[in-house]
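>>> sequence and predicted structure are below.
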Amino acid sequence: MRSLDVLDQPNVLFCDRIATANDAVFFDYLDLKVFDLEAAYARLDWGTPDGQKRRNQAEKYEILVPNYIAPNKIID
């Protein structure tokens with residue numbers, strides 16, 4: 001089972017778009033609710049403008065982890 005503990009490590013940040021973008025907004029694990037996780041992980045109707053917009057935005061999310069992550073934390 002994959003562990004979400006890796007996301008709760010010190011200095012791990014989430015970004016709502018490419019991290020080097022001028023208008024990038026950074027969040028920590030506690031603020032993860034601002035991300036559209038449904039768009040990132042669920043099946044959306046890509047045939048609608050709203051579905052396309054949500055999916056395109058979700059594909060830009062970045063997780064910035066400043067330290068080494070042991071393989072057993074990210075793979076089965």
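Great, that's in hand. Residues are numbered from 1 along each chain as shown.
>>> show me where this structure dips below the pLDDT cut-off.
Along the chain, the model assigns pLDDT under 70 to residues 1-4, 32-34, 41, 75-76.
>>> regarding it, what is its longest helix?
Longest helix in the chain by number of residues, with DSSP state H as the criterion: helix 49-58.
>>> which other helices and strands does it contact?
Counting contacts by 3 or more Cβ pairs under 8 Å, 6 or more residues apart in numbering; DSSP states H and E, helix 49-58 packs against helix 37-41. Where you see a C-beta, it was placed from the backbone N, CA and C, and this is true even at glycine.
>>> quick one: the nearest residue to Val12 once chain neighbours are set aside and Asp31, what's the gap?
With Cβ to Cβ, 6 or more residues apart in numbering as the criterion, Val12 has its nearest non-adjacent residue at 5.2 Å, and that residue is Val65. To Asp31, Val65 is 16 Å away according to Cβ to Cβ, to the nearest Å.
>>> for Lys53, same thing?
Distance from Lys53 to Asp31, by Cβ to Cβ: 22 Å.
>>> I figured the residue nearest to Val12 hits Asp5, correct?
No - under the criterion of Cβ atoms under 8 Å, Val65 is not in contact with Asp5, lying 11.9 Å apart.
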